[in-house]
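Q: the following comprises the amino acid sequence and a computationally predicted model.
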Amino acid sequence: MKNFIKTSIIPSINLSGRGGGEGKLSDVFCESNGWKRVSERLYDFVHETGLKVELKKQQDVQWFDPSKYHNLTEEEKEIPIVFILHKSGKIDKMFSMKVCTFLDKVGWSEQFCKDAADFVSNYKNSAPQIKAQVKVRNLFANNIDLVEVLYDD
């Protein structure tokens with residue numbers, strides 16, 4: 001994936017502030033490199049080759065909704081999650097890990113994801129959410145052999 005992104009501009013990006021951030025990263029995942037920004041359940045960008053990626057941007061702790069990882073297709077399990085870590089808005093690390101590897105390494109079984117999906121489904125009229133915490137810097141440090149490092153300051 002490293003060949004498909006524009007890493008040279010990463011030092012100029014500031015991710016400080018709350019929410020979103022995909023817009024600030026559109027120059028990294030730019031149209032001239034074959035990317036299209038989308039808003040799908042499991043991914044934020046699609047490359048012209050068909051590659052899909054989900055972006056997660058945080059200083060360290062990232063909150064995930066485990067219900068969205070229930071009943072995944074084999075293709076969905078292969079989607080890379082691109083973790084973008086920053087300190088005071090300055091990106092210091094970017095790496096990717098496939099959804100299936102992520103689920104395994106954070107210990108989320110199919111049953112756990114199903115239980116979360118069932119809960120959300122049972123109470124959909126009140127729009128419940130389930131959030132599970134992941135310390136992304138620890139995830140990176142403990143699984144360096146299972147990630148693709150895309151940027152490291």
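A: Structure received.
Q: report the longest helix in this structure, please.
A: Across the chain, the helix with the greatest residue count (assigned by DSSP state H) is helix 110-122.
Q: show me what counts as buried in the next helix or strand after it.
A: Per DSSP states H and E, helix 110-122 leads on to strand 132-135 as the next helix or strand towards the C-terminus. Buried residues in strand 132-135, counting neighbours by 16 or more other CB atoms under 10 Å, are found at 132, 134. In this view, the C-beta of every residue, glycine as well, is placed from N, C-alpha and C.
Q: so how far is strand 132-135 off the chain centroid?
A: Distance of strand 132-135 from its chain centroid, counting by CA atoms, centre = their mean, to the nearest Å, is 12 Å.
Q: just the CA coordinates for that strand, please, in PDB.
A: Written as PDB, here are the backbone C-alpha positions of strand 132-135 (Å, rounded to 0.1, in the frame of the first residue of the first chain):
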ATOM      1  CA  ALA A 132     -14.400  -0.800  22.900                       C
ATOM      2  CA  GLN A 133     -11.100   0.800  23.700                       C
ATOM      3  CA  VAL A 134      -7.900  -0.100  21.900                       C
ATOM      4  CA  LYS A 135      -4.500   1.300  22.800                       C
END
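Q: and the helix or strand following that strand, what does it pack onto?
A: For strand 132-135, the following helix or strand on the C-terminal side (DSSP H and E) is helix 136-142. Counting contacts by 3 or more CB pairs under 8 Å, 6 or more residues apart in numbering; DSSP states H and E, helix 136-142 packs against strand 80-87, strand 90-98, helix 99-106.
Q: can you list these in a markdown table and add mean pLDDT, mean neighbour count and distance to residue 71?
A: Conversion of the helices and strands packed on helix 136-142 to a markdown table gives the following (pLDDT from 0 to 100; neighbours: other CB atoms under 10 Å; distance: least, CB to CB, whole Å):
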| stretch | mean pLDDT | mean neighbour count | distance to residue 71 |
| --- | --- | --- | --- |
| strand 80-87 | 95 | 22 | 18 |
| strand 90-98 | 96 | 20 | 17 |
| helix 99-106 | 98 | 18 | 12 |
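Q: between the ones you listed, which one is nearest to residue 116?
A: Nearest of the helices and strands packed on helix 136-142 to residue 116, taken as CB to CB: helix 99-106 at 12.0 Å.
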